[in-house]
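Asker: curious how this folds, go ahead:
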Amino acid sequence: MRTTTKVIRLFIEFVVLWLSSAVAILVLDTVFDGISLDSINIGIPSLSTLPSALVVALVFGVLSAVLWPVIVRLMSWVGPAVLFLLVFFASGAIMWLTLHIIPMASVDKSWDAVVMAALLSLFSSFVGGAVASRSDTSYRLMQVRRQRLRFRRNPGGSAATPGLLCIQIDGLGHDVLRRAIADGVTPGLAAMVRNTHSLIPWHTDWSSQTGASQLGILHGSNHNVPAFRWYDKTSGKIAVFSNPRANEDREIERAEIPGLLSADGASRGNLFTGGAEDNVLVVSRMRGARLGGGAGYSSYFADPSSTLRTLIRMIAEVQRELRQAWRQRRADVRPRVPRGGSYPLVRAFANVLATDVTAAAVVRDLIQGRSIIYVDLIGYDEVSHHSGISRPETLSVLTKIDEVIAMLLKVIEQADRSYRVVVLSDHGQSQGATFLQRYGESLEQLVLRLCGTEELAPVTDSRPGAEGIEYAAASVRPPKAGEEPATPEGVPIVLGSGNLGLISFPRIPHRATVETVAAEYPGLVEALRVHPGIGFVLLARSTGGSVVLGADGSVDVDTGAVEGVDPLASFGSDALEKIRRTDSFDNVADIMVGGAYWPETDEVAAFEEQVGSHGGMGGPQSTPFLLYPDDVPAPPNRVYGAEQVHAVLAGWRDRDD
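Answerer: Coordinates of the predicted model:
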């Protein structure tokens, strides 16, 4: 009976779309002089072209249904942003073909066919989705009704066992979420906390960024990950988590550990697969011949209306960013960073294109009955970097993410399989004027000046940095094998990850010590430890072990013995333990630089040009959140490190009840 009802509903949708599309074609026929419909005498002169319009609408719909998946698959070797543009021309080509094979219609201007196809898709999207480009929930629920008949249950799943949906809100700190709940910014998450879920913080490793956290959460180990980017002396290369090859290497290194998603799982919008075979917009699969099938995003474009719907929302997002940036400049809000260049498009990618593609994939997963799904929603993190962690425009993005989560919960209500829903973040963010803004030079410029090598250094890109920018760039043109910044021989390599700095000396074959650096670059260590924008530095000792040096004191890493003023006093009780762990890595930098933290204002000075930053220690960047159902065992009293989060999620995944 339920199946019959679904079929009837889909048939009604088809008839409504067909008739409304024919009406739209009649209107478009009067607008575009390059397209002509033949008149047929049906007794009503004003509707003489209606039969031709009905035929065009039917043939266009049939050709789209048959040819569109094939066309998209053929184009899927390109990145999603390029595919996004090619889709419009492909839709126009189908319309051009339709008008050429139907005797009662003709086209004289090919461009008119492209525009007509786009507008027709838009109109169909509005009708079929019931305000499709404005109501995400109604649009997705329409997709659910269609997909329930198209997809069979995944063989790996069992309807009797609840599945696990893990939704990551990238970069959202525990305290920021608590305030958002109290202020009504996230009503959906607030309802979960008050009725069905519990909210707790968890504590990141020293490297408080997505690469380290997701590697630990999805693959069970983030050992040898000192930062978002680092210099590896053994290979002589700079590794960065936006590089698909580097991410694939990180997965291969952990192949002996079962991934969180290895059993009937799906990875959506993440840096890593988590062992899943089914991946959509996963950076470690955005490479070579696997870019299309491996990246998985091409299925989103199987519905032409999705493309146009996303385009409208992206244009609105760009306009919103331009307006908000202008208001911030006019009000002279500080701290702030430049928000021009490609950033408006990157923001649109993060908040609209990436979100739409991953959300659509999760909807399909829920209907299929996947056992475990992990999705990363990156919009909040990207906007926070440029706008601030809790400013109005950032909180508005958080509200939209809350709406996406609410939509997914509604989809679960219609799915055949029940799901436990876990919402979590991979790190928080800390705010403050950047190191460059405060002191007039970047960390790299400072180090090269102190080393006397500033004239040999390459030109530094001073634009605002963020994970989302590199993620978006990788989706358009993934880095080629071996591609890396060129650094002149003998020049120190200085990298920043939020307020964590890494200084490496390629000319020194082993890990440099305090004594080695003092001999090679006299005065460097002393100048760094007393700099007001630097909280501490970590170096090895030639006699064994390592030491943390601050302006007025030091800490022995092995024993914890403090001489003078403890440089880690303001960074939390677990600061030394985090440093000990990183100090044990094979690829720890010669000098690890902990940026300053001012507890009285809860601010840091990022070594990247970011208002909200993360990657090091100090402030809320190290305290993300975990929102979990009340019907599962509570995690340990203190969840420390991404590897422990992996263990907690794996335990919930494997529950039978």
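Asker: nearest residue to residue 495 other than its sequence neighbours?
Answerer: Closest residue in space to residue 495, ignoring its immediate chain neighbours: residue 502 at 4.6 Å, by Cβ to Cβ, 6 or more residues apart in numbering. The way it works is simple: take the backbone N, C-alpha and C, and place the C-beta from them, glycine included.
Asker: just to be sure, residue 495 is in a helix?
Answerer: No. Under DSSP: H, G, I helix; E, B strand; the rest coil, residue 495 falls outside any helix and is assigned strand.
Asker: show me what the host helix or strand of the residue nearest to residue 495 is in contact with.
Answerer: Residue 502 is part of strand 500-504 when elements are defined by DSSP states H and E. Strand 500-504 has contacts (Cβ atoms under 8 Å, 6 or more residues apart in numbering) with 206-207, 226-227, 229-231, 233, 443, 447, 492-496, 534, 589-595, 607, 615-617.
Asker: just those: which are in strands?
Answerer: Among these, the ones falling in strands (DSSP state E) are 229-231, 493-496, 534, 591-595.
Asker: what angle sits between the strand holding residue 502 and strand 493-497?
Answerer: Interaxial angle, strand 500-504 versus strand 493-497 (axes from the mean of the first three to the mean of the last three Cα atoms, to 10 degrees): 160 degrees.
Asker: distance from strand 500-504 to the middle of the chain?
Answerer: Its chain's C-alpha centre and that of strand 500-504 lie 25 Å apart, by Cα atoms, centre = their mean, to the nearest Å.
Asker: kindly report the same for stretch 650-657.
Answerer: The chain centre lies 26 Å from the centre of stretch 650-657; the measure is Cα atoms, centre = their mean.
Asker: which parts of it are buried?
Answerer: 650, 652, 653 (16 or more other Cβ atoms under 10 Å).
Asker: how about stretch 381-399?
Answerer: Within stretch 381-399, the residues that count as buried by 16+ other Cβ under 10 Å are 381-391, 393-395, 397-398.
Asker: with stretch 498-516 instead?
Answerer: 498-506, 511-514, 516.
Asker: and which of those is nearest residue 427?
Answerer: Closest approach between the buried residues of stretch 498-516 and residue 427, by Cβ to Cβ: residue 498, at 9.1 Å.
Asker: got the confidence number for that closest one?
Answerer: Confidence at residue 498, expressed as pLDDT, is 96.
Asker: so who does it touch?
Answerer: 208-209, 228, 430, 595, 604, 606-608, 610, 613-616, 621.
Asker: let's see it at 7 Å
Answerer: 209, 606, 608, 613, 614, 615, 616, 621 (Cβ atoms under 7 Å, 6 or more residues apart in numbering).
Asker: what's it sitting at in phi/psi?
Answerer: Here is the backbone geometry of residue 498 (degrees, to the nearest 10): phi 70, psi -130.
Asker: grab the nearest non-local neighbour of it.
Answerer: The shortest distance from residue 498 to any non-neighbouring residue, by Cβ to Cβ, 6+ apart, is to residue 615 (2.8 Å).
Asker: any chance you could map the helices in the stretch 551-657 of the chain?
Answerer: For the stretch 551-657 of the chain, the helices defined by DSSP state H, counting those that start in this stretch cover 575-583, 642-653.
Asker: what's in contact with the first one?
Answerer: This means helix 575-583. Contacts to helix 575-583, defined as Cβ under 7 Å, 6+ apart, come from residues 205-206, 226, 538, 546, 548, 555, 557, 560, 568, 588, 592, 617.
Asker: export these to CSV and tack on distance to residue 350, neighbour count and pLDDT?
Answerer: CSV is the format used below for these (distance: Cβ to Cβ, whole Å; neighbours: other Cβ atoms under 10 Å; pLDDT from 0 to 100):
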residue, distance to residue 350, neighbour count, pLDDT
205, 24, 25, 97
206, 26, 27, 97
226, 25, 26, 96
538, 33, 22, 98
546, 38, 22, 98
548, 36, 27, 98
555, 39, 25, 98
557, 38, 21, 98
560, 41, 13, 97
568, 34, 22, 98
588, 31, 22, 96
592, 29, 25, 98
617, 26, 30, 97
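Asker: farthest pair in these?
Answerer: Top of the distance list for the contacts of helix 575-583 (Cβ to Cβ): 226 and 560, 20.9 Å.
Asker: got CSV for the buried residues of stretch 498-516, with distance to residue 410 too?
Answerer: CSV is the format used below for these (distance: Cβ to Cβ, whole Å):
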residue, distance to residue 410
498, 36
499, 40
500, 40
501, 45
502, 45
503, 50
504, 50
505, 55
506, 54
511, 53
512, 56
513, 59
514, 59
516, 61
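Asker: pull up the pairing partners for the strand holding residue 502, direction included.
Answerer: Each strand paired with strand 500-504, and its direction, by DSSP bridges: strand 493-497 (antiparallel), strand 591-595 (antiparallel).
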